[in-house]
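Engineer: sequence isn't available, so here's the structure alone:
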């Protein structure tokens with residue numbers, strides 16, 4: 001009996017010792033695993049951006065615009081931006097792409113920052129749908145017949161054809177030439193220097209008409225908000241003629257065609273002395289316009305050799321005071337005249353016209369018949 005009790009007590013003590021040893025061993029293993037994980041964990045390195053010490057600065061952008069020639073081949077090509085080399089040792093930080101809204105970055109010009117995307121210039125030659133205040137425009141291509149056959153047109157013959165038309169303003173003089181099927185309806189004539197193919201595009205015939213030796217004839221009625229004497233001023237590259245009540249009151253064609261498109265000459269001593277856009281401004285004849293009596297007006301635009309086209313048409317009221325800006329030396333000044341228009345000009349179109357505020361202003365009345 002004594003031996004059994006001894007062995008029973010001894011067995012219990014041994015089991016307890018073994019249990020304690022096993023738990024101690026498990027505890028040691030767990031602590032070792034935690035220590036190993038802690039040692040393997042690295043401290044986060046401080047944020048390092050892109051190193052700029054060895055980057056070469058981008059080449060300076062030239063602010064000098066190239067001269068624009070009537071011959072596109074004579075215009076120097078703009079230099080393409082040179083990519084800045086980046087060394088392979090630079091630490092590159094990836095930045096998530098951000099969507100751009102409203103601006104096409106590919107359309108930004110080399111000589112400006114943040115240029116707006118190129119706009120549709122067809123409205124500068126008129127709208128497709130009239131409202132009643134516009135002048136209806138008809139487009140003719142003098143390089144081909146109405147059947148599409150070539151006419152062997154050259155610059156000298158083109159000017160002779162325009163001269164013949166200007167003697168009587170008879171559209172029958174153009175009856176044998178190609179005519180665009182659709183008309184445009186213009187209410188302002190302020191077209192900056194653009195490619196000459198803009199006119200064929202505006203009339204929807206650019207697929208069959210090359211951008212030279214074309215004319216666009218506009219006609220309609222105008223009336224001022226106040227009866228008085230008025231005169232048109234402007235320039236055309238190449239042709240700009242204005243006729244009111246069967247009287248030619250302005251030939252503002254390209255200077256080399258002076259006296260060749262028509263025999264009209266300005267009587268104002270300041271004609272072709274004030275800059276307007278890229279050309280000297282031609283000053284027209286005074287003519288009386290009546291508030292309640294609409295007058296017929298005809299305007300002819302034209303492009304001779306191709307390349308670039310532009311025109312600007314302003315109007316001046318006799319006796320009205322206009323803002324004066326310095327011109328030339330000896331304290332001389334010139335007036336800032338209002339743009340000729342037959343109704344209000346939309347904001348987006350104003351941006352297209354690129355008006356120089358020291359030469360022209362939109363603060364003038366409209367000459368549309370329907371008020």
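Structural biologist: Alright, I've got the coordinates. Just so you know, these numbers come straight off a predicted model, no measurement behind them. Numbering: from 1, shown residues only.

Engineer: ok, residue 270 touching residue 280?
Structural biologist: No. In this structure, residue 270 is not within contact of residue 280 by CB atoms under 8 Å, at 9.9 Å. For every residue, glycine as well, the C-beta is placed using N, CA and C.

Engineer: next, count neighbours for residue 207.
Structural biologist: 7 (other CB atoms under 10 Å).

Engineer: so it, which of the three states?
Structural biologist: Three-state assignment for residue 207 (DSSP: H, G, I helix; E, B strand; the rest coil): coil.

Engineer: tell me the spacing between it and residue 197.
Structural biologist: Residue 207 sits at a distance of 11 Å from residue 197 (criterion: CB to CB, to the nearest Å).

Engineer: just residue 307 next, same as before
Structural biologist: 10 Å.

Engineer: the more surrounded of these two?
Structural biologist: residue 307 (22 against 18).

Engineer: now do the phi/psi pair for that one.
Structural biologist: With angles defined as degrees, to the nearest 10, residue 307 sits at phi 100, psi -90.

Engineer: my guess is it contacts residue 196, does it?
Structural biologist: Yes. Residue 307 is within contact range of residue 196, at 5.9 Å (criterion: CB under 8 Å).

Engineer: so where do the helices sit in the stretch 201-350 of the chain?
Structural biologist: Secondary structure of the stretch 201-350 of the chain, counting by DSSP state H, counting those that start in this stretch: helices at 347-353.

Engineer: list the contacts for residue 132?
Structural biologist: 368-370 (CB atoms under 8 Å, 6 or more residues apart in numbering).

Engineer: quick one: low-confidence ranges for the chain?
Structural biologist: 1-119, 371 (pLDDT under 70).

Engineer: from residue 268, how far off is the residue nearest to residue 250 when sequence neighbours are not counted?
Structural biologist: In space, and not counting its chain neighbours, residue 250 is closest to residue 284: 3.5 Å by CB to CB, 6 or more residues apart in numbering. Residue 284 is 8 Å from residue 268, where distance means CB to CB.

Engineer: which residues touch the residue nearest to residue 250?
Structural biologist: So residue 284 contacts 231-233, 242, 249-250, 252, 266 (CB under 8 Å, 6+ apart).

Engineer: highest neighbour count among those?
Structural biologist: residue 252 leads the contacts of residue 284 on contacts (other CB under 10 Å) with 31 neighbours.

Engineer: contact partners for the residue nearest to that residue when sequence neighbours are not counted?
Structural biologist: Counting by CB to CB, 6+ apart, residue 252 lies nearest to residue 282, which is 3.8 Å off, once chain neighbours are set aside. Contacts for residue 282 (CB under 8 Å, 6+ apart) come out as 233-235, 250-252, 266, 271-272.

Engineer: what about residue 339, how many residues nearby?
Structural biologist: 21.

Engineer: in the sheet, who's paired with it?
Structural biologist: residue 314 (DSSP bridges).

Engineer: wait, isn't it in contact with residue 359?
Structural biologist: No. Look at residue 339 against residue 359 with CB under 8 Å: they stay out of range, at 10.3 Å.

Engineer: what is in contact with residue 307 and residue 197 at once?
Structural biologist: residue 211.

Engineer: separation between residue 139 and residue 310?
Structural biologist: 17 Å.

Engineer: burial count for the nearest residue to residue 184 once chain neighbours are set aside?
Structural biologist: Excluding its sequence neighbours, the residue lying closest to residue 184 (CB to CB, 6+ apart) is residue 126, at 3.0 Å. Residue 126 has 23 neighbours, counted by other CB under 10 Å.

Engineer: residue 126 contacts residue 139, doesn't it?
Structural biologist: No. The criterion here is CB under 8 Å, and residue 126 misses it with residue 139 at 10.0 Å.

Engineer: distance check, the closest residue to residue 333 other than its chain neighbours against residue 187.
Structural biologist: Once flanking residues are discounted, residue 333 sits nearest to residue 324: 4.0 Å by CB to CB, 6+ apart. As judged by CB to CB, residue 324 and residue 187 stand 28 Å apart.

Engineer: picking that back up, which residues does the residue nearest to residue 184 contact?
Structural biologist: 134-135, 137, 183-187, 202, 218.

Engineer: equivalent analysis for residue 185, please.
Structural biologist: 126-131, 134-137.

Engineer: what subset of these is buried?
Structural biologist: 126, 130, 134-135, 137 (16 or more other CB atoms under 10 Å).

Engineer: which of these lies closest to residue 348?
Structural biologist: Residue 348 lies nearest to residue 126 out of those, by CB to CB, at 15.1 Å.

Engineer: now the closest one: phi and psi?
Structural biologist: The phi/psi pair for residue 126 (degrees, to the nearest 10) is phi 130, psi 160.
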